[in-house]
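Chemist: Based on what follows, work out the 3D shape:
(one chain, ligands or ions: 1)
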Amino acid sequence: MGWRMDAANIGGRAAVQIIRDIATLRRAVDALKLGRKSVALVPTMGALHAGHLSLVRMARRVADHVVVSIFVNPTQFGPNEDFAAYPRDEAHDAALLVEEGAALLWAPDVSVMYPPGHATHIAVAELGADYCGAARPGHFDGVATVVAKLFNQVRPDIAIFGEKDWQQLAIIRRMARDLDFAIDILGAPIARDPDGLALSSRNAYLTAEQRAAAAAFPAALRAAAAAIAGGGAVAAALADAEATIRAGGFASVDYVALADADSLERLTEYRPPARLLAAARIGTTRLIDNLAVE
Ligand code: PAF
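Modeler: Numbers count the residues shown, from 1 in each chain. A predicted model of the protein is given here:
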């Protein structure tokens, strides 16, 4: 296949190279690494918002060059999930990346990522079964597989993931350790709206009424984290949080759990480092969030 490379620039600023095939990507990353320069990768599915841009800014602080990938990965969506409807606006995303000073945008088609005959999958069994993994069978196998491929394609020194997807971050850390990827995995703090709602591409699905009600979700988690950190019983704090989320207008709560922050083992008693993990549905939109308990 011949190489394909586009470019986006705004108002005379330096362009971000948009690359769509692996051979061109390898040459471009090799060029960035000349002179022992470091490269950080920020993997995304696009529809970039301020949360993603905070990852790009962190990447710029810790590495010489930043590569952002945009790939809406079909293998991490279940059959009844929002793969087709997932928001896509590459031109807008590329313009934001020019503003943030990213060097490369890796944006392969599905046929480049998964050519015919693709048959290899990665499962991080122990960490992927509970929480979001229980509600979304196969989701984390899809995430682990595509992230391993992105690591091999880009070959970054550092990769940055948002802490909003805490289970995903724990799984990727474990995968990188188990498969000996020589890549530093960094977590970036959750970016939130002023009312506390964690930024997410899926917030765009919320009606104005649902968006206003959604602030009940992080508020309930903050109260539960404070109760547990203050010595309150874990089960009671989790039950109160679930009841408050439902009363706030959420249709259902997939889980509110206290977990070991690294192993993700469920905790019935507080033991640091601990993380409160939660997922709940408002209308048809599933939101996730988490908080350190300390
Ligand atoms: O967090 C995401 O946006 C995705 O799960 C990721 C890590 C880019 C893999 O597709």
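
Chemist: neighbouring contacts of stretch 236-248?
Modeler: Here stretch 236-248 makes contact (C-beta atoms under 8 Å, 6 or more residues apart in numbering) with 213, 215-217, 219-221, 223-224, 227-228, 252-253, 256-258, 276, 278, 280. To be clear about C-beta, it is placed using only N, CA and C from the backbone, and glycine gets the same treatment.

Chemist: same thing but at 6 Å, please
Modeler: Here stretch 236-248 makes contact (C-beta atoms under 6 Å, 6 or more residues apart in numbering) with 213, 216, 217, 220, 224, 227, 228, 253, 256, 280.

Chemist: With secondary structure added, can I get these in JSON lines?
Modeler: Below are these laid out as JSON lines (DSSP: H, G, I helix; E, B strand; the rest coil):
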{"residue": "213", "secondary structure": "helix"}
{"residue": "216", "secondary structure": "helix"}
{"residue": "217", "secondary structure": "helix"}
{"residue": "220", "secondary structure": "helix"}
{"residue": "224", "secondary structure": "helix"}
{"residue": "227", "secondary structure": "helix"}
{"residue": "228", "secondary structure": "helix"}
{"residue": "253", "secondary structure": "strand"}
{"residue": "256", "secondary structure": "strand"}
{"residue": "280", "secondary structure": "strand"}
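
Chemist: And those residues, which two are furthest apart?
Modeler: Comparing every pair within these by C-beta to C-beta identifies 213 and 228 as the most remote, at 24.4 Å.

Chemist: more crowded one of these two?
Modeler: In this view residue 213 and residue 228 are compared by other C-beta atoms under 10 Å, and residue 228 has more residues nearby, 24 against 17.

Chemist: quick one: the helices in this protein?
Modeler: Along the chain, counting by DSSP state H, helices occupy 22-33, 50-62, 90-100, 110-113, 125-128, 132-135, 139-154, 166-178, 208-213, 216-229, 234-247.

Chemist: Going by mean pLDDT, which of the ones you listed comes out lowest?
Modeler: The weakest mean pLDDT among these belongs to helix 125-128, with a mean of 91.

Chemist: Now that one: buried residues?
Modeler: 127, 128 (16 or more other C-beta atoms under 10 Å).

Chemist: That helix close to the ligand?
Modeler: No: Helix 125-128 stays clear of the ligand (C-beta under 6 Å from any ligand atom), getting no nearer than 12.5 Å.

Chemist: could I have that helix exported to CSV, CA atoms only?
Modeler: The C-alpha coordinates for helix 125-128 follow below in CSV (Å, rounded to 0.1, in the frame of the first residue of the first chain):
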residue,chain,number,x,y,z
ALA,A,125,-8.2,-11.9,32.7
GLU,A,126,-7.9,-11.1,36.4
LEU,A,127,-8.5,-7.4,36.2
GLY,A,128,-11.0,-7.3,33.3
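
Chemist: Packing partners of it?
Modeler: Judged by 3 or more C-beta pairs under 6 Å, 6 or more residues apart in numbering; DSSP states H and E, the packing partners of helix 125-128 are helix 166-178.

Chemist: Give me the residues contacting the helix it packs on.
Modeler: Here helix 166-178 makes contact (C-beta under 6 Å, 6+ apart) with 124, 127-128, 131-132, 140, 143-144, 147, 161, 183, 185, 187, 264, 275, 290.

Chemist: Could you check how far it is from the centre of its chain?
Modeler: Here helix 166-178 is found 12 Å from its chain centre; the criterion is C-alpha atoms, centre = their mean, to the nearest Å.

Chemist: mind listing what's buried in it?
Modeler: Within helix 166-178, the residues scored as buried using 16+ other C-beta under 10 Å are 166, 167, 168, 169, 170, 171, 172, 173, 174, 175, 176.

Chemist: For the ligand, tell me which of the residues you listed show up nearby.
Modeler: Okay, of these touching the ligand (C-beta under 6 Å from any ligand atom), that's residue 168.

Chemist: now, which of the buried residues of helix 166-178 sits nearest the ligand?
Modeler: residue 168 (5.8 Å; C-beta to the nearest ligand atom).

Chemist: ok, for residue 105, nearest residue in space, not its chain neighbours?
Modeler: Residue nearest to residue 105 in three dimensions, not counting chain neighbours: residue 18, with 4.6 Å by C-beta to C-beta, 6 or more residues apart in numbering.

Chemist: Appreciated, that's everything.
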